[in-house]
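Enquirer: any chance you can model this:
(2 chains)
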Amino acid sequence: MNNMKNVNETKMNAVTERLLKMVSDWKGGAFDGAYNIRENGGCVGRQSSENIKIDSKEGQPGLEIRVSGKTRGEKVYIPACVTKGNVDDLVYNDFFVEDGADVTIVAGCGVHTETGEPARHNGIHRFFIGKNAHVIYEEKHVGTGKGTGLRSIDPVTEVHLDENALLEMDTAQIGGVDRTTRKTTGTAAAGARLVIKERILTEGDQQADTFFEIELNGEGSGADIISHSVARGRSRQAYTSTIIGNAPCSGHSECDAIIDGDAIVDAAPRLYARCSDAALIHEAAIGKIAGEQILKLRTLGLTEEEAEKKIIEGFLA
Amino acid sequence: MLKLRNISWSAPDGKAVLKNIDLDIEEGRLVAVTGPNGGGKTTLAKIIAGIEKPTSGVIELDGRDITALDVTERAKTGISFAFQQPVRFKGVTVRQLIEIAAGDKLDDGRLCSILGSVGLCAMDYLGREVDSTLSGGEIKRIEIATVLARHSRLSVFDEPEAGIDLWSFKNLIEVFKEVHENLKGTLVIISHQERILRIADEIVLISDGRVTDRGTGDEMIQKMLTQREAAAACRMQEELFHE
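Expert: All right, here's what the predicted structure looks like:
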C-alpha cells in the first residue's frame, strides 16, 4: 500500500491520537508488535511482526491478518478512526488464526465530527480460528465532537471456530455514537467456545441495535453471551440474540439493561434446540437501578448521584 | 454517644411501630437489641441509620441533633449500617464495593486484612462480582466487611445471623468478638440469637414498639430465660442452630 507508513514516521492528526487513546489504550509513541492504523479510510501506519503478518486485501478495502500457530500472548492492534464529517468508511478485515495460536486482537473504532455532516465507520471483520487456538478480541467504540452530523459505527463480526478453539470477545460502545447496528454471527465446531461480553451506553436520541446469531454445531461446543446496557434520555436500544444448538452443546445468553428517563429497550432472546442434548439458557432483565442498591451505597457515604454513577460504572465495566 | 429521645414511628398504613423510645448507647459498647418479631427492632436500626425518619422525637450523636440528616449525611457523621438482606450488584466487584466503603483505593494487604476478618480469602473474592453467584453466607460476610472497612464510630448490624449457614454463623460470632475487642467503636446488633446476646455488654429488649427492659448481658439473659416467651424464642433458635 503506497500510503502505508510506520506510526513512528507519520503524524496522525490530533483527533486520531485522542480517539486512539480512548479505544486502543494507546498511551503515545509506537505500538508494540503488529498494528495497522486506519484514518479516514487510509492507512497511516502499519507494522507486521514475526508471527503476525498484515497485508492489504486485493479487490476491496481492508486487511488480511495472518496469525501464526507459533504466536504466544502477542497483541495486534487494528484501530480505525473517522475524524471528520462527510466520511463513510467501509473496511473488510479478515483474520486467519492458525491452529494453536494465542493472540489478542485490539480493534477499537472512533468517529468524530465537528460539522453537520455525518461520520460513519462500517467494519466487517471475519475470523477463521484454527484448532485449539485462543483469541481475545477487544473492540471499543466511541463517538466524539460537537457537530450535529450523525456519528455511526456499524460493526459486522463473523466468527468460525474450529475444534476446541476459544474466542473471548469484549465489545463496548462507551458513548457518543448516535446510531449503531451491530451484527455478530458465529459457528463453533466440537469443543469450541465463544464467550462474548458486550456493554452499550446510549444517551439523548441515540439508537443501538444488536444482533447475535451463534450456531453450535459440534459436540461439546459452547457459547456465553453477556450483554449489559444502559439507556438514558430518549435513547432506544434493541437486543436480539439467537443461539442454535445443533449438537450436544451448552449455550447461555444474558441481557441486562438499566433504563433511565424516557429510554426504550427491547430484548428478544431466541433459543433453538435442534438436538435433545443441547442445553440452552437465556436470562433477561430490564429496569431502573434498584432503589436498594442506591440506598446501600448511601449508607457507605455516597450521595444519590454518586451512587448511581458507581452502579452504572460497575455495570458497564 | 447516641441518644434517642421519645422516638416514635408509624408505618404508612398508620400503625404505630415505635412508641416513645428512649435509649442511650455509650461509647465503645457492644449493645444487642432483641425482642419478638414485629416488635420494632429493625425499624429502630433503620431510624438510627437515617433510612427511616421518625414521626417524632430527637436523635443525638455526641450531643449533636442528627434527626434531620439523611442516610448519606448520617454515614458521613460516622454511622454504618449492615443490611439484614444484603444488596447484590451486577458488575461491581468485591474489591470495588469495599473500596467504596473505605472511601479510597486500598492496597491488597489492607483488603486482605478486611476480608480476612470476616473469614474470606481476598485472593478468592476480590475480583468476584457482588452478584447472585455469591452464597447467602458469602454475601453476608461481605456486607459486614463493608461496614468494617469504614471504621465507623457507630456500626449497626440488622440480624447478621439471618440467612446464613451454620459454619458462617459460628465464624460471625468470632468476627464480632474480635471487632469489639480490637477496634474502637460502638456496635449495635439487632439479633434473636442467644450466642450473639452472650457476647453483648448490654442487651436492650424491645417489644411492641417500646423498650421493655435493658441491662448487662448476663442479667438480661438470665431474666429472659426465666420468661417463657423469650426463652422459647431463644431455645427455638438454638435448636435450629444445632440441626
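
Enquirer: per-residue pLDDT, B:Ala230?
Expert: At B:Ala230, the pLDDT value in this model is 54.

Enquirer: what are the phi and psi angles of B:Glu194?
Expert: Backbone geometry at B:Glu194, expressed as degrees, to the nearest 10, gives phi -60, psi -40.

Enquirer: thought it was touching B:Ile221?
Expert: Yes - contact between B:Glu194 and B:Ile221 holds when scored by CB atoms under 8 Å: they sit 7.3 Å apart. (Each C-beta comes from the backbone N, C-alpha and C, glycine too.)

Enquirer: any part of stretch B:170-185 near chain A?
Expert: No - figure legend: stretch B:170-185 not in contact with chain A (CB under 8 Å from any CB of the partner chain); closest approach 15.6 Å.

Enquirer: ok, the spatially most central residue of chain A - contacts?
Expert: Closest to where the C-alpha atoms of chain A average out (CA atoms, centre = their mean) is A:Thr171, at 3.0 Å. Contacts were defined as CB atoms under 8 Å, 6 or more residues apart in numbering or on different chains; by that measure A:Thr171 touches A:Tyr137, A:Glu138, A:Glu139, A:Lys140, A:His141, A:Pro155, A:Arg182, A:Ile196, A:Lys197, A:Glu198, A:Arg199.

Enquirer: pairing partners for it in the sheet, please.
Expert: A:Glu139, A:Glu198 (DSSP bridges).

Enquirer: for A:Ile244, same thing?
Expert: A:Ile244 has these beta-bridge partners by DSSP bridges: A:Glu215, A:Tyr272.

Enquirer: pretty sure it contacts A:Ile214?
Expert: Yes - in terms of CB under 8 Å, A:Ile244 counts as a neighbour of A:Ile214; the distance is 7.0 Å.

Enquirer: per-residue pLDDT of A:Ile214, please?
Expert: For A:Ile214, the model assigns a pLDDT of 98.

Enquirer: what residues does it make contact with?
Expert: Per CB under 8 Å, 6+ apart, neighbours of A:Ile214: A:Thr185, A:Gly186, A:Thr187, A:Ala188, A:Leu194, A:Ala223, A:Ile225, A:Ser241, A:Thr242, A:Ile243, A:Ile244, A:Gly251.

Enquirer: number of residues surrounding the second one?
Expert: A:Gly186 has 24 neighbours, counted by other CB atoms under 10 Å in any protein chain shown.

Enquirer: let me know the pLDDT of it.
Expert: pLDDT recorded at A:Gly186 is 97.

Enquirer: which SSE is the closest residue to it other than its chain neighbours in?
Expert: Take A:Gly186 and drop its neighbours on the chain: the residue closest to it by CB to CB, 6 or more residues apart in numbering or on different chains is A:Val159, 3.9 Å away. With elements taken from DSSP states H and E, the one containing A:Val159 is strand A:156-161.

Enquirer: A:Ala268 too?
Expert: Using DSSP H and E, A:Ala268 sits in strand A:264-273.

Enquirer: just the buried positions in that strand, please.
Expert: A:Val265, A:Ala267, A:Pro269, A:Leu271, A:Ala273 (16 or more other CB atoms under 10 Å in any protein chain shown).

Enquirer: can you tell me how far the first one is from chain B?
Expert: Pointing back at A:Val265 there. Going from A:Val265 to chain B by CB to the nearest CB, to the nearest Å gives 15 Å.
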